[in-house]
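Chemist: Sequence unavailable; structure follows:
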């Protein structure tokens, strides 16, 4: 929920910048570019540490146990 709030505030700042883009000029463009870059770096960091992975440890273990050679999910585990 906290990650949603952080990245939802991004939309508010981008909307405010889009309204005042003509008055902001090039300095405003540079500022918003730095802002977006920081957000992208934060997103990749959160993705790398697993903060965006919603599976529990048990679900991850079960998924790796079901995978066969080459990382393909074993159909026998699903009884198709």
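Modeler: Structure received. Keep in mind that this is a model prediction, so the values were computed, not measured. Numbering: from 1, shown residues only.

Chemist: Show me the shaky parts of this structure.
Modeler: Residues of the chain meeting the criterion pLDDT under 70: 1, 60, 63-80.

Chemist: Which stretches in it count as helices?
Modeler: When secondary structure is read from DSSP state H, the chain shows helices at 2-19, 21-49, 57-66, 75-78.

Chemist: Please point out which parts of the first one sit buried.
Modeler: Pointing back at helix 2-19 there. Of the residues in helix 2-19, those with enough neighbours to count as buried (16 or more other CB atoms under 10 Å) are residue 17. C-beta: built from backbone N, CA, C; applies to glycine.

Chemist: tell me the angle that helix makes with helix 21-49.
Modeler: In this structure, helix 2-19 runs at an angle of 160 degrees to helix 21-49, with axes from the mean of the first three to the mean of the last three CA atoms, to 10 degrees as the basis.

Chemist: Mind giving me the packing neighbours of helix 2-19?
Modeler: Using 3 or more CB pairs under 8 Å, 6 or more residues apart in numbering; DSSP states H and E as the contact test, the elements touching helix 2-19 are helix 21-49.

Chemist: other SSEs contacting the helix it packs on?
Modeler: In terms of contacts (3+ CB pairs under 8 Å, 6+ apart), helix 21-49 is packed against helix 2-19.

Chemist: how much space between the spatially most central residue of the chain and residue 9?
Modeler: Most central in the chain under CA atoms, centre = their mean is residue 43, positioned 4.9 Å from the mean C-alpha point. According to CB to CB, to the nearest Å, residue 43 stands 14 Å off from residue 9.

Chemist: One more: residue 18?
Modeler: Residue 18 is 15 Å from residue 9, where distance means CB to CB.

Chemist: Check residue 40 too.
Modeler: The gap separating residue 40 from residue 9 is 15 Å, by CB to CB.
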